[in-house]
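J.: This is a predicted model, with the sequence first.
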Amino acid sequence: MKRKYEFTGEVNENGLKRIKRISDGLVGGFIEGEYNLSHYGTCFVYHNAQIFGNAQVYGDAQVYGDAQVYDNSLVSGDAEVCDDAQVYDNAFVFGNAWVYNKSLVSGYAEVSGDAKIKGNVINNPNEYESNFSYCKTSKWLGVGCKSHTYEEWNRLIKENSKVYLDECESLESNQEMIKEILNIIK
């Protein structure tokens, strides 16, 4: 394995270590250990961004600004997490997704495709009483292991309610989830 970065010796107030890219000497952000940032692909952490806990950044993903990726979260593909955004718990950000500003992505949230998340992503059971993990923005809703725009959810529910959730849950859960989705997006 060819190493992509090394530690500079600087440690921040949280005990995280600053890295430096070997190829060009670019000083990067902070990680807890090498398990947080892959040496494969072009993934990197910049500025004062931090990756810690069991979080992993790999592929061509970029984390920069004052962003934080932690707990058991994963950021991969061409995804970008920047500004003051936080990705944590068991959240998964991948594809061409972009999470920025003061966004919070948590729980079992999945942000994928070409999604652009700016502001708060809600994954808070106190806002809406739900039996399922969900995340929502003004145009997008992730429930269980699926995420779509409100328009896509409505279309999928009208077409065939079993098609899009059956790989995630049992049929009973599938029917319950449809009711939850309709309540959340109305």
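T.: Cool, got the structure. Numbers count the residues shown, from 1 in each chain.
J.: Endpoints of stretch 28-38, how far apart?
T.: By Cα to Cα, to the nearest Å, the extent of stretch 28-38 from end to end equals 14 Å.
J.: How about stretch 40-57?
T.: Per Cα to Cα, the first residue of stretch 40-57 is 10 Å away from its last.
J.: Now tell me what touches it from outside.
T.: With Cβ atoms under 8 Å, 6 or more residues apart in numbering as the contact definition, stretch 40-57 has outside contacts at 1, 4-5, 12, 14, 16, 19, 21, 28-32, 35-38, 58-76, 81-82, 87-88. Placement of C-beta: from N, CA and C, glycine included.
J.: So for that stretch, what gets flagged as buried?
T.: Along stretch 40-57, the positions that meet the burial threshold by neighbour count (16 or more other Cβ atoms under 10 Å) are 43, 44, 45, 46, 49, 50, 51, 52, 53, 55, 56, 57.
J.: Dump these into CSV; add pLDDT, secondary structure and distance to residue 178 as well.
T.: Compiled in CSV, the buried residues of stretch 40-57 are given as follows (pLDDT from 0 to 100; DSSP: H, G, I helix; E, B strand; the rest coil; distance: Cβ to Cβ, whole Å):
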residue, pLDDT, secondary structure, distance to residue 178
43, 95, coil, 37
44, 97, strand, 41
45, 97, strand, 39
46, 96, coil, 42
49, 96, coil, 38
50, 97, strand, 39
51, 97, strand, 36
52, 96, coil, 38
53, 93, coil, 34
55, 93, coil, 32
56, 94, strand, 33
57, 95, strand, 34
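J.: Among those, find me the one that's closest to residue 181.
T.: Proximity of the buried residues of stretch 40-57 to residue 181 was ranked by Cβ to Cβ; the top entry is residue 55 with 28.6 Å.
J.: that older thread, go through the buried residues of stretch 40-57 and say which is closest to residue 103.
T.: For the buried residues of stretch 40-57, with residue 103 as the reference and Cβ to Cβ as the criterion, the closest is residue 49, at 13.6 Å.
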